[in-house]
Structure formats: structure tokens, C-alpha cells
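> Sequence isn't available, so here's the structure alone:
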């Protein structure tokens, strides 16, 4: 049965592509997994569902009475937030993703199925699943709800109820009691999550750890099967399905401080994810660059990259499409917590590699490049088989509004194998965009956002940056155990 099932899946993907539903934002070249690698580059970001037209239904969003703070725990491929869903609460850990809208959790202890997820299983990265039968407050979303129409990306608000088998009379009167039909939600790397739209109580925490609030009828996907998506996702985009939207934070904002990769899988430390007024107030010491409004993907966060400085050379002027959109809406730099590494488009990316490589004197590790898929890898000296302070050219991003952001070296050259014989290998953690001129011209990934406070000021439509030690910030807020 495995072969026919897989063939069906492939045909399904081709049908999606043919219908222009799977409009990929960024198709990344993932390094191959290997037991010798310390760092794996799987990505799971970038929903391909465009914003649907407004429906005849109105959407009323609850407003939070207090600001929120939830801890983020770092794992190999991103940052996890714990969702407390149901009555009584079930704790489900999911990826935080600014590059998509839908929040979904794996459902069913035995029935949840992930296709092509062996790498995650081998690394024991599977997470807890949600059991609807154990919650007294869970309900299916209705076929006529605005969020059902949204997830089905329908131009006609009658479509979901028609698909659900409602009579025309009940559709016209908005009285059809049938649930929202099953959905298929796609991601930029080719991942797919299929399930049913569900509502249940979600418990959130205030900035003061003693504050909690139960939000009823939060809408999320109860997912029974996926392709390359073994862990749930909480969407932080600007669409109606996203968590900030449903909880009333789209007129405010949120901030995060991603821990350095050395803390990955450390259960004793997490970093703060803050939503509400406290996330955007008293931030005069940050550098802010304006959000760009993408006509193609209005739910996502774009910024404009003006130049990149490498080493002591003069700034390298980037193509115009990294700071503005063309007539069809292509271009801009997507800032995305769900994409691991930063991406640049060719031919500029090739020019970037050429300039950077000309400044590095370490011998190339071409065998590692072939095995991992990274473009620049170097053999560096490791006295006593310990990595030291290797000398690589500094890289600085210049964003719109004179924002200058120097990347910490450990966020762009990182060890991919343990040192041996007093030598180790470090690789450049940038990759090329594979979509040509379609979609964003670049992606600012989560690995390059480590050890900096990133503020999404949605009220003023700007994004701020402040380099800082996120581990110290975590300790100051009681998120680090001794």
C-alpha cells in the first residue's frame, strides 16, 4: 500500500501546483542529515495560501486585558512555544512561525501520521499530540465561519458550506449547522498539513507569571496527517487565522529574543516571547526599519535591504528588488522565524559568495560542502580539538532608514562537525533562493536573528533590532534555571 499512497500524494501536490495554490515563498536547499553534523538545516516556513477576498461575514476578535509573555525553547530547527489547549489543558509544543498564519497541532495519539519524517523520528523530535476526546470545551468550526472561508481560500463565501453538503436555503439564511470541511495547508518547502478546523479554550500567560487568562473558542487546525511537518506550528502572520490576530494584538505588536544555538535542546533555559503594549513601548534604543507592504503576500513581514558590508570593504549595493517590489509584487526581504537560514537571490548571492570567499584564507572543505549542501566551508585550526575565535570577515546588513545591523560571527559561520586532529570545519549559513524572480528576493532567517531583540511594532508598521545577550535577558525574567 505504500507505493500507491505515495503516488497519490505526488499527484495531489502536482494538482496543487497546477492550480496555483502552492505559491512558494522560498524553496530552500536543505543540507542532508548526517550523524556527524552538529547542525541541520530543515525549514518549515512560508505558507502558500494567499489572502482571500472579504466575505459577507464579519469577524469579531477578542481583546486581551493584559500583555502576554510565553517562553520560547530552542531546538535544532527553530523555537518552540507551549500551547495550553482544552479543558483541562493539554500542553502541546509547536514551532513559532512569523511566515504563516494557521496555528495547528498534531491530533490523536495513535492516528497522527507524518509522511517523510524519518529524520525527525531518528532524532527523537516528535512531540505530544492533542486529544480532542479529552477536552470538554472542544468544538468543530462551522462551515459558514469567516475563518473556515479564510482557510479554504474561497472567493465565494458559500463554497465551504456547499462542500459540506448544506442546502441552499440554509446557506442563504446562514443557518447551516454543518462543520467546516477538511483543509490542506501548504508550506514553502513543500510541507503539507491536512486536518479539520477546531475551536477550544487556550490558556495564555501574562508578563507577571501569576497572571493567566483562558480564551474560549480559539481557532486552530486539528491535524491528522502531514507531509514533512512532524511538529505543529503557531502562525504569527497578519492574517485572520494567526494567533496575534485572534487575540487582538495586530494593532499592537510582539517581540522575541532568540537564544544562541548552543542552548538548543537545553531544558533549563528559554527566552521571552512578548505580545502587547509592553512589547513595543519604551523601545527608543532600538533601530527601526519600516515594514514593506507586499501586494502579493500581505500577511507576511517584509523589510528593505539596501546594502551588505563585508569585512572592511565598502558597502556592496544590493539589487533594487531587495528593498522594493516590482509591478507584480515580487521582491523585498521576508523576515521569517520559520526559515532557519538567511537566503539571497542569484546573481547577487553568487557575487556575495565571491567577495566573502576572497577575504578568507582558511583552506576550503569542499568535501563537506558536497555532503551538506552549504556553499562555503572552511577547515579551521582547533588546538586541543577545541574551536577558538576564528577570524572571518564581519558581515553587516544595511536596512532602510539607516539601520545598520552587524551580525554576530557565530550566526553566519558555524561548526558543522566535531573537531578532530586539531582541525574543525565551519560553514557559511546562508543559502540561495531557488524561486528565481518569484516571491521575496531574500529571507532573513532565524539563525541570523540570534542574540538580538526583534520588535514587530504593528501599530507603527516597523521592525526594530537591538543586539543583546538573550540568555541574560532570559535570566532577568526568571526563564533560566541555575
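Looks like it came in fine. Everything numeric in this text was worked out from a predicted model, so none of it was measured. Numbering: from 1, shown residues only.

> Contacts only, for the nearest residue to residue 292 once chain neighbours are set aside.
With Cβ to Cβ, 6 or more residues apart in numbering as the criterion, residue 292 has its nearest non-adjacent residue at 4.0 Å, and that residue is residue 302. For the C-beta atoms, the positions are set from N, CA and C on the backbone; glycine is no exception. The contact partners of residue 302, by Cβ atoms under 8 Å, 6 or more residues apart in numbering, come to 291, 292, 293, 294, 332, 333, 334, 335, 440.

> Would you mind measuring from residue 302 to residue 448?
If you measure residue 302 against residue 448 using Cβ to Cβ, to the nearest Å, the figure is 16 Å.

> Return a ChimeraX selection command for the buried portion of the contacts of residue 302.
To isolate in ChimeraX the members of these that are buried, counting by 16 or more other Cβ atoms under 10 Å, one can use:
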select :291,292,294,332,333,334,335,440
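
> can you point me to the longest strand in this structure?
Using DSSP state E to assign secondary structure, the strand with the most residues in the chain is strand 212-227.

> quick check, residue 244 in a strand?
No. Assessed by DSSP: H, G, I helix; E, B strand; the rest coil, residue 244 does not belong to a strand; its assignment is helix.

> I figured residue 206 was touching residue 274, is that so?
No. Counting by Cβ atoms under 8 Å, residue 206 sits too far from residue 274 to count as a contact (10.3 Å).

> From the contacts of residue 302, pick the one nearest residue 345.
In terms of Cβ to Cβ, no member of the contacts of residue 302 lies closer to residue 345 than residue 440, at 8.5 Å.

> Nearest residue to residue 79 in space, please, no chain neighbours.
Nearest residue to residue 79, sequence neighbours excluded (Cβ to Cβ, 6+ apart): residue 72, at 4.4 Å.

> Residue 349 too?
residue 432 (4.7 Å).

> tell me the contacts of that neighbour?
For residue 432, the residues meeting the contact criterion (Cβ under 8 Å, 6+ apart) are 29, 343, 344, 345, 346, 349, 350, 375.

> Spit out the contact partners of the residue nearest to the fourth one when sequence neighbours are not counted.
Ranked by Cβ to Cβ, 6+ apart and with sequence neighbours excluded, the top spatial neighbour of residue 345 is residue 433, at 4.4 Å. With contacts taken as Cβ under 8 Å, 6+ apart, residue 433 has the following neighbours: 26, 27, 343, 344, 345, 346, 349, 440, 441, 442, 443.

> Could you point out the bridge partners of the third one in the sheet?
Translated: residue 343. Using DSSP bridges, the bridge partners assigned to residue 343 are residue 431, residue 443.

> Could you check how far the helix or strand containing residue 106 is from the centre of its chain?
Assignment of secondary structure by DSSP states H and E places residue 106 within strand 104-106. With Cα atoms, centre = their mean, to the nearest Å as the basis, strand 104-106 stands 15 Å off its chain's centre.

> Check stretch 262-272 too.
Going by Cα atoms, centre = their mean, where stretch 262-272 is centred and where its chain is centred differ by 18 Å.

> Please enumerate residues in contact with it?
Counting by Cβ under 8 Å, 6+ apart, 69-76, 79, 255-259, 470-471, 473-474, 477, 479-481 sit against stretch 262-272.

> out of those, which are inside strands?
With DSSP E as the criterion, strands contain 69, 70, 71, 72, 73, 74, 75, 79, 255, 256, 257 from among the contacts of stretch 262-272.

> Where does confidence bottom out across these?
Looking at the ones in strands among the contacts of stretch 262-272, model confidence by pLDDT dips furthest at residue 75: 89.

> check contacts around the closest residue to residue 428 other than its chain neighbours.
Ranked by Cβ to Cβ, 6+ apart and with sequence neighbours excluded, the top spatial neighbour of residue 428 is residue 376, at 4.0 Å. Taking Cβ under 8 Å, 6+ apart, we find residue 376 in contact with 353, 356, 357, 360, 364, 369, 427, 428.

> what do you get if the cut-off is 10 Å, keeping everything else the same?
352-353, 356-357, 360, 364-365, 369, 392, 412-413, 426-430 (Cβ atoms under 10 Å, 6 or more residues apart in numbering).

> Narrow the contacts of residue 433 to those that are buried.
Of all those considered here, the ones buried according to neighbour count by 16+ other Cβ under 10 Å are 26, 27, 343, 344, 345, 349, 440, 441, 442, 443.

> Tabulate the residues you listed (JSON lines), appending pLDDT and distance to residue 313.
As requested, the buried ones among the contacts of residue 433 are exported to JSON lines (pLDDT from 0 to 100; distance: Cβ to Cβ, whole Å):
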{"residue": "26", "pLDDT": "38", "distance to residue 313": "28"}
{"residue": "27", "pLDDT": "34", "distance to residue 313": "31"}
{"residue": "343", "pLDDT": "96", "distance to residue 313": "22"}
{"residue": "344", "pLDDT": "96", "distance to residue 313": "17"}
{"residue": "345", "pLDDT": "93", "distance to residue 313": "21"}
{"residue": "349", "pLDDT": "95", "distance to residue 313": "17"}
{"residue": "440", "pLDDT": "94", "distance to residue 313": "26"}
{"residue": "441", "pLDDT": "95", "distance to residue 313": "22"}
{"residue": "442", "pLDDT": "96", "distance to residue 313": "20"}
{"residue": "443", "pLDDT": "96", "distance to residue 313": "24"}
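
> May I see those arranged in a markdown table, with distance to residue 133 as well?
Formatted as a markdown table, the entries for those read as follows, by distance: Cβ to Cβ, whole Å:
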| residue | distance to residue 133 |
| --- | --- |
| 26 | 38 |
| 27 | 38 |
| 343 | 42 |
| 344 | 47 |
| 345 | 48 |
| 349 | 49 |
| 440 | 41 |
| 441 | 47 |
| 442 | 45 |
| 443 | 39 |
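
> List just the nearest of those residues to residue 225.
Using Cβ to Cβ as the measure, the one of the buried ones among the contacts of residue 433 that approaches residue 225 most closely is residue 27, at 22.2 Å.

> now residue 171: how far from residue 418?
Per Cβ to Cβ, residue 171 is found 62 Å from residue 418.

> show me where the stretch 201-350 of the chain has strands.
Taking DSSP state E, counting those that start in this stretch to define them, one finds strands in the stretch 201-350 of the chain at 212-227, 233-235, 253-257, 271-275, 287-290, 302-303, 305-310, 316-317, 333-335, 342-344.
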